[in-house]
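# need a structure here:
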Amino acid sequence: MSRILVINPATEEVIAELPQASQEEIRATIDKAYEAFIKWSETPLRERAKLLLKAAEMIERGQEELVKLLVSESGKPIRDAKVEIIRTITIIRASAEEAKFVLEGSVPRVDAYDYPLGNDRRLATIVREPIGVIGGAQSYNNPASTFAHKVAPVVVAGNTVIIKPSSYTPLTALKMAEYFKKAGFPEGVVNVVVGSGEEVFNELIENPKVAGISFTGSTAVGLQVAAKAAGRGKKFMIAPSGSDPAIIFEDADLEEAAAIITRARFENAGQNCNATKRAYVHRKVYDAFLDLLVRRTAAIKVGDPMDETVDMGPLISDKMVKAMERFVADAVSKGGRVLFGGRRMQRRGYFFEPTVIAFDQNVEALALKEEVFGPVLPVVPFESEEEAVALANSTQYGLQAAVYTRDYKRAFRVARAIKAGAVMINDSTRVRFDALPYGGVKMSGFGWREGVRSTMYYFTEPKFYVLGL
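Here you go, the predicted structure:
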């Protein structure tokens, strides 16, 4: 039997060895979720919501253990891990609270319409009904909060779910499922399958008992999942990649902008899809901003993620460290100047220095075109508002963006011109409201947007009940 080794990225030690689910086991899990759906979908909404609130309470009680588990397998600094667990609890509770509003249905006035004839003698009611088994795939960077997004709004709406966690961070998902079970969720409602992403998802997409797919991961894989799911008539929700730009104008509060962008780029070693991944600065303040940015970057404490004073931990794998080396080497070959960092750290674990690379002009560097899922920030000067917008829109991605200026007319003018799902003005690209739809445009936005309300809405279908009077 194939096995998955879970490695602590800060120490390179194996912390767990898990069996990889076989195709038969995956199918058996789907069968179990399918059978559980019938009874679960008929459970009153108030009971489903109560169980969610109980699960949130169980997680809150066990958060100390969950935080340590999350840190050990993901490398996320413990301070940030604590925030993620608080966020996770909030997502679950929000799902329980929002469900009564999202799923309340409506009674349209059909007597307002001439056709079909006789509408004055009909009463119509629209309700939202769950669609069935939902397959969810997680990325490794936020294993607890992503689990909450994939599970809580889906099950409170009456669906059952099968989660395929990242092979880097399966322990958090397994522990989360354990809390849901202890809270009283029936067998088969919340399921976790640890295994090969390709094998698990091929079965989830091909199996007729699975009604929908919810995927978080790279754009390349997301496109494949979407195409296969659409070809089989399944609903799909894709949360793909991003390369979020920040534009800093000459009238911006440079100190504040540098502080926000440093945090937005290097939090969780840059492993966030809505991290600030590119910075464009007006040439008049380019050198001054770079000086502030480098000073703040140099102050970042990198080290053991279990240390409460550490700001940045390791990357998830050696593969990702090598990817950062490739981005830096490419940038330097195209005229980029490494102002800080730029190297693998000489210590045990998958550590890479927080890195700032300055360019004298825009170039076709990989770090300015591809998604950099790590602690490397390229900075480019611009001359005009039109050029800044063109640079911000110069990648295939359009998740989120940020604009820093004291001129709010310009801020909204630029925000309107940027192709992105959200634009923050004097704020971080990392801002996300979990209850509301989250997603982007271009290659950062296909399928339905994720969020507590929108997920419940998407994975239910409207159904008419018509009464002839």
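
# where does residue 339 fall, secondary structure wise?
Using DSSP states H and E, residue 339 falls within strand 337-340.

# within the sheet, what are the partner strands of the following helix or strand past that strand, with directions?
Scanning forward in sequence from strand 337-340 by DSSP H and E, the next helix or strand is strand 355-358. Within its sheet, strand 355-358 is paired with strand 337-340 (antiparallel), strand 376-382 (parallel), according to DSSP bridges.

# just the C-alpha atoms of strand 355-358, please, in CSV.
Taking Å, rounded to 0.1, in the frame of the first residue of the first chain, the C-alpha atoms of strand 355-358 are listed here in CSV:
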residue,chain,number,x,y,z
THR,A,355,13.5,39.0,-0.9
VAL,A,356,13.1,42.4,-2.5
ILE,A,357,14.1,42.8,-6.2
ALA,A,358,14.2,46.3,-7.8
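
# walking through the stretch 351-469 of the chain, point out its helices one by one.
Under the criterion DSSP state H, counting those that start in this stretch, the stretch 351-469 of the chain contains helices at 385-392, 408-417, 452-458.

# for residue 191, which of the ones you listed is the nearest?
helix 452-458 (17.4 Å; CB to CB). Bear in mind the C-beta positions are built from the backbone N, C-alpha and C, glycine included.

# which neighbouring elements make contact with that closest one?
In this structure, helix 452-458 packs against helix 78-102, helix 143-156, strand 235-239, with contacts taken as 3 or more CB pairs under 8 Å, 6 or more residues apart in numbering; DSSP states H and E.

# what does it rub up against?
By CB atoms under 8 Å, 6 or more residues apart in numbering, the surrounding residues in contact with helix 452-458 are 91, 94-95, 98-99, 102-103, 128, 149, 152-154, 156-157, 212, 214, 235, 237, 434-437, 448.

# try 7 Å this time
Among residues not part of helix 452-458, those counted as contacts by CB atoms under 7 Å, 6 or more residues apart in numbering are 91, 94-95, 98-99, 102-103, 149, 153-154, 156-157, 235, 237, 434-437, 448.

# over to stretch 42-58?
With CB under 7 Å, 6+ apart as the test, stretch 42-58 has contacts from 89, 92-93, 95-96, 99-100, 103, 152, 155-156, 158, 179-180, 182-185.

# just the buried members of those residues?
Among the contacts of stretch 42-58, the ones that count as buried by 16 or more other CB atoms under 10 Å are 89, 92-93, 95-96, 99, 103, 152, 155-156, 158, 179-180, 183, 185.

# in this structure residue 443 contacts residue 419, no?
No - applying CB atoms under 7 Å, one finds residue 443 not in contact with residue 419, separated by 10.7 Å.

# the helix or strand harbouring residue 221 to strand 235-239, inter-axis angle?
Taking DSSP H and E as the criterion, the element that holds residue 221 is helix 219-231. Helix 219-231 and strand 235-239 meet at an angle of 170 degrees, taking axes from the mean of the first three to the mean of the last three CA atoms, to 10 degrees as the criterion.

# may I see the buried residues of helix 219-231?
219, 221-222, 225-226, 228-229.

# quick check, nearest of the residues you listed to residue 290?
Using CB to CB, those come closest to residue 290 at residue 219, 30.0 Å.

# so who does that closest one touch?
Going by CB under 7 Å, 6+ apart, the list of residues near residue 219 reads 240-241, 443.

# where in the stretch 1-150 of the chain is pLDDT low?
By pLDDT under 70, the weakly predicted segments of the stretch 1-150 of the chain are 1.

# now residue 396. Nearest residue, chain neighbours left out?
Spatially, and ignoring its direct neighbours in sequence, residue 396 is nearest to residue 443 (4.3 Å; CB to CB, 6 or more residues apart in numbering).

# quick check, pLDDT for the one you found.
Per-residue confidence for residue 443 comes out at a pLDDT of 95.

# same thing with the one 5 residues further on?
Among the per-residue scores, residue 448 shows a pLDDT of 90.

# residue 357 too?
Model confidence at residue 357, given as pLDDT, is 98.

# that one: how many residues sit nearby?
Taking other CB atoms under 10 Å as the criterion, the count of residues near residue 357 is 24.

# and it, bridged to which residues?
The residues that residue 357 bridges to, once DSSP bridges is applied, are residue 338, residue 378.

# who's in contact with it?
Taking CB under 7 Å, 6+ apart as the criterion, residue 357 is in contact with 328, 331, 336-338, 367, 376, 378-379.

# buried members of these into PyMOL, please.
Selection command for PyMOL covering only the buried members of the contacts of residue 357, criterion 16+ other CB under 10 Å:
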select buried, resi 328+331+336+338+367+376+378+379
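
# residue 226: what's it in contact with?
Listed by CB under 7 Å, 6+ apart, the contact set of residue 226 reads 236, 238, 446-447.

# check what pLDDT residue 256 gets.
Residue 256 is assigned 98 on the pLDDT scale.

# quick one: the strands in the stretch 101-250 of the chain?
122-130, 133-137, 160-164, 190-192, 210-216, 235-239, 244-248 (DSSP state E, counting those that start in this stretch).

# list the buried residues of the next helix or strand after the last one.
In this case it means strand 244-248. Heading C-terminal from strand 244-248, the first helix or strand you meet, by DSSP H and E, is helix 254-266. For helix 254-266, the buried set under the neighbour-count rule, 16+ other CB under 10 Å, comprises 254, 257-258, 260-266.

# tell me the one of those nearest residue 460?
Using CB to CB, residue 264 is the member of the buried residues of helix 254-266 that lies nearest residue 460, at 34.3 Å.

# follow-up on the earlier one: can you add distance to residue 287 and give the buried residues of helix 254-266 back as TSV?
As requested, the buried residues of helix 254-266 are arranged in TSV below (distance: CB to CB, whole Å):
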residue	distance to residue 287
254	11
257	14
258	13
260	19
261	16
262	17
263	22
264	21
265	19
266	21
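
# from the residues you listed, pick the one nearest residue 107.
Closest approach between the buried residues of helix 254-266 and residue 107, by CB to CB: residue 264, at 45.6 Å.
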